[in-house]
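**Q** my questions concern the predicted model and sequence given below.
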Amino acid sequence: MKELSALMGVRESIRVIDATLRDGGIVNDFMFTDEFVKELYKTNIAAGVDYMEVGYKASKKIFDKTKFGKWKFCDDEDIFKVIGDNADKKVKLAVMADVGRCDFKEDIRPKSESPVDLIRVACYVHQIPGALEIIEDAKKKGYEVSCNIMAISTAQEGDIKVALDMIGQSPADCIYIVDSYGSIFPEQMQRICALYKEYADKHGKQLGIHAHNNQQLAFANTIEACGDGVDWLDATYNGMGRGAGNCFMENLLAFLKNPKYKVYETLKFIEKYMLQLKKDGVVWGYDVPYLVTGYLNQHPRAAMAFSKDKRTDYSKFFDEVIAQE
């Protein structure tokens, strides 16, 4: 009976993070309407989602504000105006600070002055020292902090171990497994989770997963990681995200079977807002060129260009990508 109870129960440590505005914003240059953002926020509350990532804290010195929507920069004033002060904290708010592409000392204000709760620091393995600087700064300012190590499928295991140990000794709350190229298979994810968990347990950190759908495995890898002890799970509505997109929020909430999470609320939002984005010409989701780059463990930029040009010569594309290796 105890075994059945454990099987049928819910894991209270699970946290679901909605990355629609941030990862999805890459698809449409963050040109979301205020209505879309407000309704997404309300939907996340109704659906029981734990965190909503509202976008990047991108540098205005590097990126032209006239070419992107406000969620590329996530000024606190814009969040206050569109979402409010988020005082009731029914869903926490997050932003991503990308190492080398943000002015964190100036743009990330003390937590007491901001509606944001979580700073997600994104970096590649070779950028760990820069990530640690942002982590320390954000923690001193009062935020929860995660460190998202990108493109781990291209990194050497020895380098990953060094990075995990360095982050483990930092004040970061959570360390993320990020399959940036959508090239990882579930059996590989199991081994990766075991490696990450070794360091997470050693340093008392939580683990997160952010998966891409290049090989239609974002959901599979997310639930594999969940079964392997990863608690922070990223997803987006209708899988909206760069290129092939991400783990589908509606799939993830259905899988978790926690009465806290309401799948019906996600379906209402998808029906009214996500389908409209597609009707308006915003393109994301699995397609053959993303399979090719995922299979070859390459950045999907070539596949994105292929899709933008409306090409269908898949075999020629395969040859082109192979030639670039």
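**A** Everything's here; your move.
**Q** list phi and psi for residue 95.
**A** phi -130, psi 160 (degrees, to the nearest 10).
**Q** would you agree it is in contact with residue 52?
**A** No: Residue 95 is not in contact with residue 52 according to CB atoms under 8 Å; the separation is 10.3 Å. For every residue, glycine as well, the C-beta is placed using N, CA and C.
**Q** count the neighbours of the residue lying closest to residue 70 once chain neighbours are set aside for me.
**A** Excluding the flanking residues, the one nearest residue 70 by CB to CB, 6 or more residues apart in numbering is residue 78, at 4.6 Å. Close neighbours of residue 78, defined as other CB atoms under 10 Å, add up to 17.
**Q** where's residue 78 relative to residue 261, distance?
**A** 28 Å (CB to CB, to the nearest Å).
**Q** for residue 189, same thing?
**A** For residue 189 relative to residue 261 (CB to CB), the value is 22 Å.
**Q** neighbour count: the two, which is higher?
**A** Neighbour count, other CB under 10 Å: between residue 189 and residue 261, residue 189 has more, with 24 against 21.
**Q** tell me the SS of that one?
**A** helix (DSSP: H, G, I helix; E, B strand; the rest coil).
**Q** so who does it touch?
**A** When contacts are counted by CB atoms under 8 Å, 6 or more residues apart in numbering, residue 189 touches 177, 179, 221, 224-225, 228.
**Q** quick check, pLDDT for it.
**A** We have a pLDDT of 98 for residue 189.
**Q** kindly report the same for residue 150.
**A** For residue 150, pLDDT reads 97.
**Q** burial count for it?
**A** Neighbours around residue 150, by other CB under 10 Å: 20.
**Q** contacting residues for it?
**A** The neighbours of residue 150, taking CB under 8 Å, 6+ apart as the test, are 122-124, 178, 180.
**Q** please redo it, this time with the cut-off set to 10 Å
**A** 98-99, 122-125, 127, 176, 178-181, 210 (CB atoms under 10 Å, 6 or more residues apart in numbering).
**Q** make CSV out of the residues you listed and add neighbour count, pLDDT and secondary structure.
**A** CSV is the format used below for the contacts of residue 150 (neighbours: other CB atoms under 10 Å; pLDDT from 0 to 100; DSSP: H, G, I helix; E, B strand; the rest coil):
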residue, neighbour count, pLDDT, secondary structure
98, 22, 98, strand
99, 21, 98, coil
122, 25, 98, strand
123, 25, 98, strand
124, 20, 97, coil
125, 18, 97, helix
127, 18, 98, helix
176, 25, 98, strand
178, 22, 98, strand
179, 29, 98, strand
180, 22, 97, coil
181, 25, 97, coil
210, 29, 98, strand
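**Q** now do the domain split for the chain, please.
**A** 12-279, 288-324 (automatic domain parsing).
**Q** most tightly packed of these?
**A** domain 12-279 (a mean of 19; mean count of other CB atoms under 10 Å).
**Q** and which of the contacts of residue 150 is nearest residue 161?
**A** residue 125 (10.2 Å; CB to CB).
**Q** from what I can see the closest one touches residue 148, true?
**A** No: counting by CB atoms under 10 Å, residue 125 stays clear of residue 148, with 11.7 Å between them.
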